[in-house]
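*Asks:* generate coordinates for the sequence data below:
(2 chains)
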Amino acid sequence: NAGVTQTPKFQVLKTGQSMTLQCAQDMNHNSMYWYRQDPGMGLRLIYYSASEGTTDKGEVPNGYNVSRLNKREFSLRLESAAPSQTSVYFCASSREMLAGGYNEQFFGPGTRLTVL
Amino acid sequence: AQSVTQLGSHVSVSEGALVLLRCNYSSSVPPYLFWYVQYPNQGLQLLLKYTSAATLVKGINGFEAEFKKSETSFHLTKPSAHMSDAAEYFCAVSNTGNQFYFGTGTSLTVIP
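*Replies:* Sure thing, here's the model as predicted:
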């Protein structure tokens, strides 16, 4: 049981290049999330997928696209990278919330992206 | 809209001293509250969570937090700091289950 895995762990891009960050979970969770973490700003939600086949924008979606490939996998794509997208990116997953319940999130180890 | 405020971006304590990390939230409905810990170059790990079952919540590694509705607070405490507690701590709030709102984090330094 690996939990949430992310690839790659590190990446350096030049401005204008594109790349896809991969995320997979083996906990049979319905919901998946992409966050970015910047110094002094905590974690900010980029996109999330409440269930397979659905995606929704979070707080900072501009410059990103996502694909929920199947229940296990949720990818984040940067079509034309900019220096402002230099950050640490975290993928997370959680069970579907039931009425009156809660939704603990499980995090991957992160991808450290630098855009030059 | 929900928000979380963590007072103090950096906290230093001596080994063996009390750890107190502050978190205040704003929510229009009773929230679910969480504390996460992040060790260097790692992802976030859940320390504890409040889900309305009890106001005093015990978590891993000797941490606990108390939900105080009147103060809209959910402060994290540990009676005696250990060197291994040095990390970044995040408070988070959710009331829908599908979106979390994280605080900006508090970096804890433990002085030997």
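*Asks:* show me what contacts the residue positioned nearest the centre of chain B?
*Replies:* Among the residues of chain B, the one closest to the centroid is B:Trp35, at 3.7 Å (Cα atoms, centre = their mean). By Cβ atoms under 8 Å, 6 or more residues apart in numbering or on different chains, the residues touching B:Trp35 are B:21, B:23, B:46-49, B:59, B:63, B:65, B:74, B:76, B:89-92. To be clear about C-beta, it is placed using only N, CA and C from the backbone, and glycine gets the same treatment.
*Asks:* now the element after the helix or strand encompassing it, going C-ward?
*Replies:* Element membership of B:Trp35, judged by DSSP states H and E, is strand B:32-38. Per DSSP H and E, strand B:32-38 leads on to strand B:44-50 as the next helix or strand towards the C-terminus.
*Asks:* contacts for whichever helix or strand comes after that following strand?
*Replies:* Going down the chain from strand B:44-50, the next helix or strand is strand B:56-58, by DSSP H and E. The contact list for strand B:56-58, computed with Cβ under 8 Å, 6+ apart, reads B:48-50, B:64-67.
*Asks:* what's the first helix or strand after strand B:56-58?
*Replies:* strand B:64-68.
*Asks:* about what we covered before: show me which of the contacts of strand B:56-58 are buried.
*Replies:* B:48-50, B:64-65, B:67 (16 or more other Cβ atoms under 10 Å in any protein chain shown).
*Asks:* just checking the helix or strand bottoming out on mean pLDDT in chain B against chain A, any contact.
*Replies:* Lowest on mean pLDDT, DSSP states H and E among the helices and strands of chain B sits strand B:101-102, with a mean of 87. Yes. Counting by Cβ under 8 Å from any Cβ of the partner chain, chain A is contacted by strand B:101-102 at B:Phe102.
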